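**Student:** Fold the following, please.
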Amino acid sequence: MIEIKDIYGKPTMVMPDQNTIKALEARKQFLLQKIQSNLDNSDNADTGRQSYLIREVVAVEKTINFIKWLINNSEDEMIKNIVERYNTENKN
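**Tutor:** Modelled structure (predicted):
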């Protein structure tokens, strides 16, 4: 069985919530600052690294949007079934 970990690397079985969104927003801001810092030092810019950071920002943003969607639609019966199935399949 795959061990589920939160964004801090600790084992968890809890569905993501507003605290997860806050942590992901902080990560996104850190990445954006890193990109800006690299652009400011353009003589030392590594385009491969920049591309990687930009892809990570996009992935974090998509994750945030998905979690927000999941929270906003948590009353939907289909979503409840998916969450219930997730919890059942990922019990220790």
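**Student:** From here on, just use CA atoms for contacts and neighbour counts.
**Tutor:** Fine.
**Student:** Tell me where the model's unsure across the chain.
**Tutor:** 1-7, 11-15, 43-45, 90-92 (pLDDT under 70).
**Student:** Now do residue 79 against residue 18, distance only.
**Tutor:** According to C-alpha to C-alpha, to the nearest Å, residue 79 and residue 18 sit 17 Å apart.
**Student:** show me where the protein has helices.
**Tutor:** For the chain, helices defined by DSSP state H occupy the ranges 18-40, 47-72, 77-89.
**Student:** from the chain's centre, how far out does the last one sit?
**Tutor:** Average the C-alpha atoms of helix 77-89, do the same for its chain, and the two points are 20 Å apart (C-alpha atoms, centre = their mean, to the nearest Å).
**Student:** Next, the angle from it to helix 47-72.
**Tutor:** 110 degrees (axes from the mean of the first three to the mean of the last three C-alpha atoms, to 10 degrees).
**Student:** CA atoms only for helix 77-89, dumped as CSV, please.
**Tutor:** Only the C-alpha atoms of helix 77-89 are listed here, as CSV (Å, rounded to 0.1, in the frame of the first residue of the first chain):
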residue,chain,number,x,y,z
GLU,A,77,-23.2,13.1,-3.7
MET,A,78,-20.7,12.0,-6.3
ILE,A,79,-17.8,13.8,-4.6
LYS,A,80,-18.9,12.3,-1.2
ASN,A,81,-18.7,8.8,-2.8
ILE,A,82,-15.2,9.6,-4.3
VAL,A,83,-13.9,10.8,-0.9
GLU,A,84,-15.4,7.8,0.9
ARG,A,85,-13.8,5.5,-1.6
TYR,A,86,-10.5,7.3,-1.2
ASN,A,87,-10.6,7.0,2.6
THR,A,88,-11.6,3.3,2.4
GLU,A,89,-8.9,2.4,-0.1
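**Student:** Could you list the buried residues of it?
**Tutor:** When burial is assessed from 16 or more other C-alpha atoms under 10 Å, helix 77-89 yields no buried residues.
**Student:** go on, stretch 59-67?
**Tutor:** Result for stretch 59-67 [16+ other C-alpha under 10 Å]: buried residues 60-61, 64, 67.
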